[in-house]
Each structure stands twice: as C-alpha cells, then as structure tokens.
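K.L.:
Quick one, what's the 3D model for this:
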Amino acid sequence: MKRNKKVYVPMAVDILHTGHINIINAAQHCNDQKIDLITLSGFKDTNPLNQMGKVNFHVNSEDYNFIEMTHHIILVSIVDIFTKKLH
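P.N.:
Now for the predicted structure:
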C-alpha cells in the first residue's frame, strides 16, 4: 500500500505576510501609547520588531524550530519568575 507523504513547512521564514504586519502594527501601537513591550524575534537582527520593545529578545538563528523553542524557554522562564513572586 502506497502512503502519501506530508511535509509541513513553517511560513515564518523571511516571508513578510499579513500576520507579520499585524505584529509590527501592534508593537507600534504599544510604542505610540507608551505601553512597555517585550519582543521575541529571530532570523535577521535587522527585522523591525527587534528594535521596537523596551526589552528585545532576538534569537540569532535561521532555523525556525530552534527560534520557536528558544522563545518557548524564555516565555516559560518568565512565567516561572512571576509565579515565584506570587508565592
């Protein structure tokens, strides 16, 4: 029996799409409203989001999954910090 192979390709690789524009617009709105912003980005360090936050976490990699997993570790660490402060 022949099986069809499936390949999943993340579309966040150097392709600017509507979702990216929405993120940049939201970051700009935070800056316009003087709302502190923490950004997480990857790929090229010249991406616009990398300069828009009060704190900017940039993962210097071209590997989408490595970037996403690093962001995940950062976010879980932030949750742990806040959880410890509540107790």
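K.L.:
Show me what counts as buried in the longest helix anywhere in the chain.
P.N.:
Counting residues, the longest helix found in the chain (DSSP state H) is helix 64-86. Across helix 64-86, burial judged by 16 or more other CB atoms under 10 Å covers Ile67, Thr70. Where C-beta positions appear, they are placed from N, C-alpha and C, glycine not excepted.
K.L.:
Give me the helices and strands touching that helix, please.
P.N.:
Packed against helix 64-86 by the contact rule (3 or more CB pairs under 8 Å, 6 or more residues apart in numbering; DSSP states H and E) you find strand 38-42, strand 55-59.
K.L.:
what's the most buried one of the ones you listed?
P.N.:
strand 38-42 (a mean of 19; mean count of other CB atoms under 10 Å).
K.L.:
Which residue, other than its chain neighbours, is closest to Lys54?
P.N.:
Of all residues not flanking Lys54 in the chain, Asp36 sits nearest, at 4.7 Å (CB to CB, 6 or more residues apart in numbering).
K.L.:
follow-up on the earlier one: and of the helices and strands packed on helix 64-86, who's closest to Lys85?
P.N.:
Closest approach to Lys85 among the helices and strands packed on helix 64-86 is made by strand 38-42 (16.3 Å; CB to CB).
K.L.:
Could you list every helix and strand in contact with the closest one?
P.N.:
Judged by 3+ CB pairs under 8 Å, 6+ apart, strand 38-42 is in contact with strand 55-59, helix 64-86.
K.L.:
Starting from the first one, tell me which strands it pairs with and how they run.
P.N.:
Each strand that strand 55-59 pairs with, and the sense of that pairing, follows from DSSP bridges: strand 38-42 (parallel).
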